[in-house]
Every structure is written in structure tokens, then in C-alpha cells.
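Engineer: Build me a structure from this.
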Amino acid sequence: MLAFMESLEKKQTIIIIHGFGGNSKQDYIIDMQNALTKYALKTVVIDWYKYSEYPNYLKAVENIEIIAREIKEIININKYSNIHCIGYSMGAQICGKLGKLTLLNRITGLDPASPGFQYLSEKERLVRTDALFVDIIHTNAILGMYPPIGHADFYPNGGYFQNDCFNEIQMEIPSLEIFFSYIGSLLECSHRKAIDYFIESIDAKCKYKAYESINYHEFLNGKKSDQFVCMGFHVDTNSRGIYFIK
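Structural biologist: Sure thing, here's the model as predicted:
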């Protein structure tokens, strides 16, 4: 049985789901929940760590539907409504599966997990039809899904790697072993940046201004929309398209 924690009763319900190998006590979960409660929103944190323990990644992928069905039961029992599901990595894929089982107003995918999902049909992974509005923040093209899969897809720094991670991670020893370790750390850091961007967006009405463009190269060359869209919590749910941020 899943463990879950909820805040006080409110009209809107936000469900937060951690990624593979995580748990509900991680700092970012607590920070996100605290930031959201400032807006008098009810938050429900799903803890599925027993189903996602490292290193059993493929088993965790297989458990996605089990988790989604248990969350649906929690929703039904507690009569939650007006639901916004926020998921990081594999947690975003759970939001997608949940949206196939019950009505969700919004899904926010924080760099939805790619390994194990990228070649699955739309019935088995997160897609834009899983909620009335689906917004995606893409921050790493290896661990996260790079193709646009939402109504509004955001690509900070092009969505491949995040610039801050190059500064945070130093490669001091020029050996093959250290090189691969550096690459792994760079991937993980970039993957997790989606969390940071979203949490930072909660307190600021429009911290990250994104512009629509065909691709990142065109965006950098100034071929972009005149109007910006706010990435993160305060996104306009009427937004449709692919957006870039430098």
C-alpha cells in the first residue's frame, strides 16, 4: 500500500510524485509542498519508494500502473477534485498513467523519465491527452524525454544540458573513469534542474519567460515569438506550443 501525506482541505488538490529511487522526505518534496501551501492549496505527496528502490529500475517501470491505480483509489476515497499532478522523472510517467484512469485538470512533468518509456506507445507513457492541460519542463535529453509530449513544452538552455551544472561539477582528473563519472553527474544534475526551476517559479509570478520558436538554434538567432509565456507553476493553461529559455 502506498504512503501519502496531505495538507489541510482545500478546493484544489495538488498531487506530488517523486522519481525512481526517491521518497517523500527528500528536500525538494518538502520545499515544493511548503511553497505550494503558501497559496492555500491542498497538497498530497505520494511515497512509492518501496516500489522504486534502487537499482531495480525496470521493475519500477513495470510497477507504474500498480501505483497509478492505488493513487486513483486514494482520490476516490478522499473525494479529491480539481487535481493537478506534479511528477518528477518517473513520477511524471505515473501522472500520465493516472490521467488515463481518472480526470486530471493538469499534469506538470518535470523532465519525464525517458529510459524504459521512450519507445512505448502513447497508451503506456505520458502524453498531452492525459490531462486537460499538460506542461513539460525538459532539462536533459538523455534521462528525460526530449520530444514534445505536452500542450506546452519548455526547453531551458535547449533542453539538452543545463549550464549551471557545468559550473557545479568539476572534472579534476583526466582519466576515462573520472570522465564517465563526470558525464553521469552532469546528466543527473541537468535532469534534476527541472525540479529547481519549478519550485523557483512558485513564488515568482513569472521568473522564467519563455518564447515560442521552431528549435533552439532558431531561438538563439532571434527567430522567436514576440510574446512570452511564463514557465512553471504560473503558466497560462491556454498555452500551446514549444518554448525556449536561455
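Engineer: Contact partners for Leu58?
Structural biologist: Gly116 (CB atoms under 8 Å, 6 or more residues apart in numbering). Where C-beta positions appear, they are placed from N, C-alpha and C, glycine not excepted.
Engineer: Hmm, I typed the wrong one, I wanted Phe161.
Structural biologist: Listed by CB under 8 Å, 6+ apart, the contact partners of Phe161 are 140-141, 186-187, 190.
Engineer: and if we set it to 7 Å?
Structural biologist: Taking CB atoms under 7 Å, 6 or more residues apart in numbering, we find Phe161 in contact with 140, 186, 190.
Engineer: export the residues you listed to a markdown table and tack on neighbour count and pLDDT?
Structural biologist: Formatted as a markdown table, the contacts of Phe161 follow (neighbours: other CB atoms under 10 Å; pLDDT from 0 to 100):
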| residue | neighbour count | pLDDT |
| --- | --- | --- |
| Asn140 | 25 | 97 |
| Leu186 | 19 | 89 |
| Ser190 | 28 | 96 |
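Engineer: wait, which of these is closest to Tyr54?
Structural biologist: Closest approach between those and Tyr54, by CB to CB: Asn140, at 18.4 Å.
Engineer: returning to what we had before: got the contacts of Phe161 as TSV, with secondary structure and distance to Met231 columns?
Structural biologist: Output for these, formatted as TSV (DSSP: H, G, I helix; E, B strand; the rest coil; distance: CB to CB, whole Å):
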residue	secondary structure	distance to Met231
Asn140	coil	16
Leu186	helix	22
Ser190	helix	16
